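Student: the following comprises the amino acid sequence and a computationally predicted model.
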Amino acid sequence: MDPYWSRTFVFVSRVPLLACQAVLGCDILTAMVAHRKRIKHYDERGHVRELTFSCYRRLPLLTNDAWRHLLAEHIDRALDRHRYRLVAFVFMPEHVHLIVYPVADAPTISLLLTGIKRPFAVRMKRILLDTGSPLVNKLTVRQRPGVITFRYWQEGPGYDRNLTECKTVLDAIDYVHMNPVRRGLVKRIEDWRWSSARKYVDPQSPVDPLLPVIHGLPAGWLGEA
């Protein structure tokens, strides 16, 4: 068996850290918009990656539980196919945060993102067409003269950050989990269903079949044997 696949993954029971205010106060989405065209992916072996991508024009397209479950399925498939593990995540109404970790011979992060976003958008277009949703027209744009494109996701790679230190990874997990609380959607991080927060607050909590598989952190990140 591949030794990377046989590693023990762990969850850290944490509450949001007051010491992380500098991280929690960062407007990641503003940075994403400002630097979208200048994003460079640094695919270093073993780096944890923090990824953020938005729905087209920041529209709240992720408010339907069936669609969110469909996204979770596409994330699972892409992670499995491209050999990444999911450390933490949150689905917000108009954007997604993922923290992922590559295992042996994992391809570039760009391929992982494409593997999530493209097939999900294709599936969503079919669903919207089949149901006669007016969203089809709203999400169909003229890319250039003669070229019409359906866009579920905002164009561009989104926000991407390499995380190499244990504290930075843990701070990023806190940031991701705090998103629904900062937006006033829930009072406690574990109350937002579409997040890995509950698994970190209570590692023994039942597996939610609608969520992507959460693998947690490799034990080595915590200095464990």
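Tutor: That came in fine, so what should we check first? Numbering: from 1, shown residues only.
Student: residue 148 belongs to a helix?
Tutor: No. Under DSSP: H, G, I helix; E, B strand; the rest coil, residue 148 sits outside any helix and is assigned strand.
Student: could you find the closest non-adjacent residue to residue 185?
Tutor: residue 192 (6.3 Å; C-beta to C-beta, 6 or more residues apart in numbering). The C-beta positions use only the backbone N, C-alpha and C, and glycine is treated the same way.
Student: isn't the one you found right up against residue 180?
Tutor: Yes. Residue 192 is in contact with residue 180 according to C-beta atoms under 8 Å; the separation is 3.8 Å.
Student: okay, and the common contacts of these two?
Tutor: Shared between the contact lists of residue 192 and residue 180 (criterion: C-beta atoms under 8 Å, 6 or more residues apart in numbering) are residues 90, 186.
Student: spatially central, which residue of this protein would that be?
Tutor: residue 98 (2.4 Å; C-alpha atoms, centre = their mean).
Student: ok, and the closest non-adjacent residue to that residue?
Tutor: That would be residue 51: by C-beta to C-beta, 6+ apart, it lies 4.6 Å from residue 98.
Student: host element of the one you found?
Tutor: Assigning secondary structure by DSSP states H and E places residue 51 in strand 48-54.
Student: just residue 162 next, same as before
Tutor: Assigned by DSSP H and E, residue 162 falls within strand 159-163.
Student: so for the next helix or strand after that strand, mean pLDDT?
Tutor: Next helix or strand after strand 159-163 toward the C-terminus (DSSP H and E): helix 166-182. The average of the pLDDT scores along helix 166-182 is 95.
Student: against which helices or strands is helix 166-182 packed?
Tutor: helix 21-24, strand 48-54, strand 84-91, strand 95-102, strand 159-163, helix 197-201 (3 or more C-beta pairs under 8 Å, 6 or more residues apart in numbering; DSSP states H and E).
Student: just the residues contacting the second one, thanks.
Tutor: To tie it back to what came earlier, the one meant is strand 48-54. Strand 48-54 has contacts (C-beta under 8 Å, 6+ apart) with 28-29, 32, 87, 94-102, 109, 113, 117, 153-154, 157-164, 169, 172, 176, 217, 221.
Student: how about a cut-off of 7 Å?
Tutor: Outside strand 48-54, the residues that touch it by C-beta atoms under 7 Å, 6 or more residues apart in numbering are 28-29, 32, 87, 94-101, 109, 113, 117, 153-154, 158-163, 169, 172.
Student: buried sites along the longest helix anywhere in the chain?
Tutor: The single longest helix within the chain, with elements called by DSSP state H, is helix 109-130. Judged by neighbour count (16 or more other C-beta atoms under 10 Å), helix 109-130 contains these buried residues: 109, 111-113, 115-117, 120-121, 123-125, 127-128.
Student: contact partners of the helix or strand following that helix?
Tutor: Under the assignment DSSP H and E, the closest C-terminal helix or strand after helix 109-130 is helix 135-138. Contacts with helix 135-138, where a contact means C-beta under 7 Å, 6+ apart, come from 128, 129.
Student: go on, stretch 179-187?
Tutor: So stretch 179-187 is in contact with 90, 92, 97, 189, 192, 195, going by C-beta under 7 Å, 6+ apart.
Student: need the CA coordinates for that stretch. PDB is fine.
Tutor: Taking Å, rounded to 0.1, in the frame of the first residue of the first chain, the C-alpha atoms of stretch 179-187 are listed here in PDB:
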ATOM      1  CA  ASN A 179     -17.000  32.300   7.700                       C
ATOM      2  CA  PRO A 180     -20.600  31.500   8.500                       C
ATOM      3  CA  VAL A 181     -20.300  33.000  12.000                       C
ATOM      4  CA  ARG A 182     -18.800  36.200  10.600                       C
ATOM      5  CA  ARG A 183     -21.700  36.500   8.100                       C
ATOM      6  CA  GLY A 184     -24.300  36.000  10.800                       C
ATOM      7  CA  LEU A 185     -25.600  32.700   9.300                       C
ATOM      8  CA  VAL A 186     -25.100  30.900  12.600                       C
ATOM      9  CA  LYS A 187     -23.900  31.600  16.100                       C
END
